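**Student:** What would the 3D arrangement of this be:
(one chain, ligands or ions: 2)
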Amino acid sequence: MSFCVRVNASKQYDVIIRRGLLNECGRELTKLGARGKICLVTDDTVDALYSARAAASFASSGFETVKFVIPHGERSKSAEMLIALLRFLAENDFTGSDTVAALGGGVTGDLSGLAASLYRRGVRLVQMPTTLLAAVDSSVGGKTAIDIPEGKNLVGSFYQPSLVLCDVDAFSTLPETVFSEGCAEMIKYGVIYDAELFSLLSDKAYVPSEEAVARCVSIKRDVVEKDERDLGLRRILNFGHTVGHAIELLSDYTVSHGNAVAAGMAVVTKASVKSGFCPEECYTSLIKLLELYGLPTGTKHSAEELKTGILRDKKRFGDTISFIVPEKIGSCREMKLPTDKIEEFVAKGL
Ligand code: NAD
Ligand code: GLY
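**Tutor:** Residues are numbered from 1 along each chain as shown. Ligands and ions are numbered 1, 2, ... in the order given. Coordinates of the predicted model:
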């Protein structure tokens, strides 16, 4: 089955979800009128699995491809790697008509997106997600970022891709844990927006389907179209992320993004139940689903430690921190909490 979700943000683009798409990426790119060079950015793991396939497709459509391979893992979202990629583009004489193609997970996509937004003040960007998480979340919506020692995603831009090509076949090689991390983001969409999706996720067979990916992408599209710059509604996509980013930071990024978000959703939902914001059933059904996918349902960090991490997050606005709290499965709201109340709220969720 083939799905195409059109995003009408500051740039209009299609998210195409289809099996075997990596063999057709060159042809899809020519449909945009693209010509010239492609910088295929990928990590070492994905390079060994999928680069040759994508490069062959680009070559057969007349593109000259150069490859920039980063070590896999969050540490590649660094200022050093960003500069190295920008210099690689310059050394290879990339011009404003050339293209950066991000083949990989969210790390590759975030780094490539930021480089594409900065190089010559913006060159064409194609996202080619190979993790479930990147497919349902990071490849769509235009957030790009790197981490700096002071915090995660603290340096970034809004830069929409010109095309997103999602070949669902690539999920077949994902380690189970990485696959599950994508499930955490899908569960997030269920809790904040789509109660029916939440129910569908109790069937594990549904998850890697093109239909499931398209459903999540459509939710993200709906939200991004209404609030591209993250000024209001889009913040609901940060459910679980305020605590999650703190967990990532406190673990020195040894806890992955998806696992941290899962733990963050559990902590905030438990705290929300105890604060009277949502019924107990919201928490019990969330925990059941997280357990089904082998995801964490809590954290070893204390409320005091989590507060330290949370205060370094970019969801801080002056003296308040934004938390997304569920009201019931399928609906949520933003709560701005004064910084001196964070510890008390988070402690309820531990
Ligand atoms: P990732 O890119 O590190 O990929 C996870 C691991 O899977 C890596 O080791 C990678 O080499 C491997 N991998 C990727 N595709 C594979 C495949 N098909 N087969 C086998 N192995 C494969 O991490 P991720 O979970 O995709 O993304 C997490 C990152 O995304 C974080 O940095 C997070 O901050 C960011 N993120 C960004 C947004 C956004 O809107 N920009 C949204 C959510 C997350
Ligand atoms: N992943 C959160 C967002 O795109 O806003």
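**Student:** what kind of secondary structure is the residue nearest to residue 145 when sequence neighbours are not counted in?
**Tutor:** Counting by C-beta to C-beta, 6 or more residues apart in numbering, the nearest residue to residue 145 once its immediate chain neighbours are dropped is residue 156, at 3.1 Å. C-beta: built from backbone N, CA, C; applies to glycine. Secondary structure, DSSP: H, G, I helix; E, B strand; the rest coil: residue 156 is strand.
**Student:** Likewise for the one 5 residues further on?
**Tutor:** For residue 161, the reduced secondary structure class is coil; criterion used: three-state DSSP.
**Student:** Could you do the one 10 residues further on as well?
**Tutor:** Per three-state DSSP, the secondary structure class of residue 171 is helix.
**Student:** Pull up the per-residue confidence for it.
**Tutor:** Confidence at residue 171, expressed as pLDDT, is 97.
**Student:** ok, now residue 318?
**Tutor:** 76.
**Student:** Please apply the same query to residue 314.
**Tutor:** Note on residue 314: pLDDT of 66.
**Student:** quick one: contacts for the residue of the chain found nearest ligand 2?
**Tutor:** Proximity of the chain to ligand 2 (C-beta to the nearest ligand atom) peaks at residue 237, 3.8 Å away. Counting by C-beta atoms under 8 Å, 6 or more residues apart in numbering, residue 237 makes contact with 137, 141, 188, 192, 220, 223.
**Student:** neighbours of residue 272, just the number please.
**Tutor:** 25 (other C-beta atoms under 10 Å).
**Student:** I meant residue 186, not that one.
**Tutor:** Count around residue 186 with other C-beta under 10 Å applied: 27.
**Student:** if we can go back for a sec, ok, and the most crowded of the contacts of residue 237?
**Tutor:** Counting by other C-beta under 10 Å, top hit in those: residue 188 with 30 neighbours.
**Student:** if I look at that one, how far off is residue 85?
**Tutor:** Going from residue 188 to residue 85 by C-beta to C-beta, to the nearest Å gives 29 Å.
**Student:** Give me every residue in the protein lying close to ligand 2.
**Tutor:** When proximity is defined as C-beta under 6 Å from any ligand atom, the chain approaches ligand 2 at 137, 141, 143, 230, 234, 237-238.
**Student:** Please list which of those residues also come close to ligand 1.
**Tutor:** Among these, ligand 1 is touched by 137, 141, 143 when using C-beta under 6 Å from any ligand atom.
**Student:** Contacts only, for the residue lying closest to residue 287 once chain neighbours are set aside.
**Tutor:** Nearest residue to residue 287 in three dimensions, chain neighbours excluded: residue 297, at 5.2 Å (C-beta to C-beta, 6+ apart). Residue 297 is in contact with 262-263, 266, 287, 290-291, counting by C-beta under 8 Å, 6+ apart.
**Student:** Quick one: classify residue 297 as helix, strand or coil.
**Tutor:** Following three-state DSSP, residue 297 is assigned to coil.
**Student:** Buried only: go through the contacts of residue 297 for me.
**Tutor:** Among the contacts of residue 297, those classed as buried by neighbour count (16 or more other C-beta atoms under 10 Å) are 262-263, 266, 287, 290.
**Student:** nearest spatial neighbour of the residue most central in space within the chain, skipping sequence neighbours?
**Tutor:** Centroid-nearest residue in the chain: residue 138, 2.7 Å away (criterion: C-alpha atoms, centre = their mean). For residue 138, ignoring the flanking residues on the chain, the nearest one in space by C-beta to C-beta, 6+ apart is residue 106 at 3.7 Å.
**Student:** And residue 178, by the same measure?
**Tutor:** If the residues on either side of it in the chain are set aside, residue 178 comes closest to residue 131, at 5.9 Å by C-beta to C-beta, 6+ apart.
**Student:** Would you mind confirming that that neighbour is in contact with residue 182?
**Tutor:** Yes: using C-beta atoms under 8 Å as the test, residue 131 is close enough to residue 182 to be in contact (5.9 Å).
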